[in-house]
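Just the structure for this:
(chains A and B)
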Amino acid sequence: MIARKILIAVFGLLLASMGNVYAEARSGYEYIKPATRAMQDDDFENPGLLTVERGQELFNQKQEQSGKSCASCHGEAGETLDIKAIARYPVYNDDSKEIITLQKRISRCRSGITDTALATDHPDLLALETFARNRAKGETVNVRTDGAVAELLKQGEALYNTRYGLIDMSCYHCHDMYPGQRIRGQTISQGQGNGFPAYRLDIGEITNLHQRIQQCLNLMRAEPFAADSDEINLLGLYIMSRSNGLAIETPAVRY
Amino acid sequence: MYNEPLLSAPGTCRVSLSIINPVASIFLPLLLILSPSAGLADTPVTMPPPESYCQWEVKDYAIEKPLCGLAGDASRGKAIASDGSRGNCLACHQLPIDGIEAYGTIGPPLEGIASRLTEGFIRLRVVDTRQVNPMSIMPGFYRDPALIHRPGKPYLGRTFLSAQQVEDVIAYLVTLKQ
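Residues are numbered from 1 along each chain as shown, chains lettered A, B, ... in the order given. Here you go, the predicted structure:
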């Protein structure tokens, strides 16, 4: 009987020690090297700012068909954009029953002033996405988690917890079990979305969250989910919802 | 092809295992991958066709027989263990190899591993560590390719390492005595 109580106590302690895997959200900023932080914080050193500038150029570019630019409605520097709304992306449209990323929202808005549609993650759309998200820098991520979204988040979590590829790991394995530990010289983060689009030092490019997920799956020697597929939209939604409460850092600098 | 729903209860997996077999709860080791440089870019353009897969048998938490009956070579194994595009054990483990600037801290250090574990047990940990810990982050270096979920096209039908490479790595690991 006593042995049984001891056993239960040991179980309890073990389970309690697991609690730290559900720790509160911490930005990737806390896991990068001090030099990388300094680079992110300095507007002259942060290479992502070039993409923000490129995005602003495109934002102000008048389209031939309409003679209008994004700035015609939203102001040269996007002054009239609703930054609280930007912080809520990706959003869910209850009527069309679809997840709408910030980039998709921009793409649809853009289709009102030009017939020239751009493919998902086209560099111009990525630049516009980076520019718009950068307007909301400092706002806290505020993804909806209730109503119809709650069910989608469960699906996203299931994808997050699934092993992929020859390396056969799930997102959970690195980003929930081992944040703070090192893989060779790099520190594993919680895989948060608040810094994206982010400038990536390893590839020397800016990428949005969906592209980062695809690159991660490539690293796992897995077949990545296609752009704008249900899976990548669900994963992106779930990951960004985990970042609720963190400040938007776009463009963050990450490895 | 199956979709492994894994971790609904990470704690329980470990706890129950530690009851079944205390040895199994010693979180040990072996190689890994995951080098940031080990992405698709490292895939040779002309990869040899996949080798046929040899079945293996677990008994008492060990695989006693060498894969495909092959003999390993310790010096080749050491090279495979440190190579970022092959075994890349250093991604997660510390090894007693000179001149290594950075190693991972996810798995335990492997120095002296052969003084603590038998060859058959080490082989099981390298081949498919999930036989011991279903929640382990460590890839199985010689799992049945049919069990891999969504393998990238260049990796269809392949194991992580070849049977010969696994045996080479084991030949190296069994030299790590204290």
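
Please make it C-alpha for all contacts and neighbour counts, starting now.
OK.

who's in contact with A:Ala25?
Going by C-alpha atoms under 8 Å, 6 or more residues apart in numbering or on different chains, A:Ala25 touches A:Gln190, A:Gln192, A:Arg242, A:Ser243, A:Gly245, A:Leu246.

quick one: pLDDT of the most centrally placed residue in chain B?
When C-alpha atoms, centre = their mean is applied to chain B, the residue found nearest the centroid is B:Val126 (3.1 Å). B:Val126 is assigned 97 on the pLDDT scale.

Give me the three-state assignment for it.
Following DSSP: H, G, I helix; E, B strand; the rest coil, B:Val126 is assigned to helix.

Hmm, it is touching B:Tyr142, no?
Yes: contact criterion C-alpha atoms under 8 Å: B:Val126 and B:Tyr142 qualify, at 7.5 Å.

what is in contact with these two at once?
B:Val166.

In contact with B:Thr175: list those residues for me.
Contacts of B:Thr175 by C-alpha under 8 Å, 6+ apart are B:Ala74, B:Ala114.

And it, which helix or strand is it part of?
Counting by DSSP states H and E, there is no helix or strand that carries B:Thr175.

Just the residues contacting the one helix or strand A:Leu126 maps to, thanks.
Following DSSP H and E, one finds A:Leu126 within helix A:123-135. Helix A:123-135 is contacted by residues A:51-56, A:58-59, A:78, A:83, A:86-87, A:102-103, A:106-107, A:118, A:196-197, A:207-208, A:248-251 when judged by C-alpha under 8 Å, 6+ apart.

and that helix, what's its mean pLDDT?
98.

now it, how far from the chain's geometric center?
Relative to its chain's centre, helix A:123-135 lies at 13 Å (C-alpha atoms, centre = their mean, to the nearest Å).

Give me every residue in chain A lying close to chain B.
A:11, A:14-15, A:18, A:158, A:161-169, A:173-174, A:178, A:181-185, A:218-224 (C-alpha under 8 Å from any C-alpha of the partner chain).

next one: phi and psi at A:Tyr238?
phi -60, psi -50 (degrees, to the nearest 10).

thought it was touching A:Glu151?
No: counting by C-alpha under 8 Å, A:Tyr238 sits too far from A:Glu151 to count as a contact (10.6 Å).

So which of those two has more stuff around it?
A:Tyr238 (26 against 12; other C-alpha atoms under 10 Å in any protein chain shown).

Where does pLDDT dip in chain B?
Low-confidence segments of chain B (pLDDT under 70): B:1-46.

now the strands: where do they sit in the stretch 1-150 of chain A?
Ranges of strands in the stretch 1-150 of chain A, per DSSP state E, counting those that start in this stretch, are A:91-93, A:98-100.

who wins for proximity to B:Val169 among those?
Closest to B:Val169 of the strands of the stretch 1-150 of chain A, according to C-alpha to C-alpha: strand A:98-100, at 46.5 Å.

Partner strands of the closest one and their direction?
In the sheet, strand A:98-100 lines up against strand A:91-93 (antiparallel) (DSSP bridges).

and the partner strand, average pLDDT?
Rounded mean pLDDT across strand A:91-93 is 97.

and what of stretch A:141-149?
97.

Regarding it, how distant is the last residue from the first?
End-to-end distance for stretch A:141-149, by C-alpha to C-alpha, to the nearest Å: 16 Å.

neighbouring contacts of that stretch?
A:87-92, A:94, A:153, A:194, A:237, A:240-241, A:243-248.

how many neighbours does residue 50 have?
The chain I'm using is chain A. 18.

should've been chain B
The burial count for B:Pro50: 13, using other C-alpha under 10 Å.
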